[in-house]
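S.K.: Based on what follows, work out the 3D shape:
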Amino acid sequence: MTDGYVVDPEVLRSVAGTLRSRADANGSPGTYGLGGRVDAGRSSGEIAKAVKWLGEELEKATTSLDALADNLQGVADRYRATDEGSARDYDGARTPAPSAGPVGPR
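M.R.: Coordinates of the predicted model:
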C-alpha cells in the first residue's frame with residue numbers, strides 16, 4: 001500500500017448501512033401515487049403524470065442505493081478476508097527457519 005492509504009472495513013460497512021437507510025427513506029413502490037383523483041382543473045393530468053414519474057425515479061434511486069450498499073458491503077467483506085489471509089501468511093513467514101548450521105556430529 002502507498003503511504004497514507006487506509007481502508008477500514010467497518011467504515012465501509014457503516015457507509016453501506018447509511019445508503020440502505022437512505023434507500024428505505026425513499027419509501028416503498030407506490031408511496032408517491034396520488035391515491036385518488038386530483039381535481040386541479042386542466043393540470044390534473046399533468047400533476048398525476050409528474051407524481052408518477054417522480055415515484056418511478058425514486059424507486060430507481062432506491063434500487064441503485066441498495067445495489068451500491070450491497071457492493072460496498074461485498075468490498076468490505078473481501079477486504080477483511082484478504083487482510084486476514086495476508087496476516088496469516090505473514091505470521092507463518094515469521095516462524096523461525098531451521099538453523100542453517102550443523103545439526104550434529106559429522
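S.K.: When you work out contacts or count neighbours from here on, use the C-alpha atoms and nothing else.
M.R.: Noted.
S.K.: And the helices in this structure, which stretches?
M.R.: Ranges of helices in the chain, per DSSP state H, are 9-25, 44-93.
S.K.: how far away is Ser43 from Ser86?
M.R.: Distance, Ser43 to Ser86, by Cα to Cα, to the nearest Å: 64 Å.
S.K.: How about Glu57?
M.R.: Relative to Ser86, Glu57 is positioned 43 Å away (Cα to Cα).
S.K.: ok, now which ones touch the closest residue in space to Tyr79 that isn't next to it in sequence?
M.R.: Nearest residue to Tyr79, sequence neighbours excluded (Cα to Cα, 6 or more residues apart in numbering): Pro9, at 7.0 Å. Listed by Cα atoms under 8 Å, 6 or more residues apart in numbering, the contact partners of Pro9 are Ala76, Asp77, Tyr79, Arg80.
S.K.: For the first one, grab the count of nearby residues.
M.R.: Ala76: 20 surrounding residues under other Cα atoms under 10 Å.
S.K.: close enough to count as contact, it and Ala16?
M.R.: No - using Cα atoms under 8 Å, Ala76 is not in contact with Ala16; the gap is 9.4 Å.
S.K.: Test for you: state the pLDDT assigned to Ala31.
M.R.: Just so we're on the same page, residue 31 is Thr rather than Ala. With respect to pLDDT, Thr31 has a value of 60.
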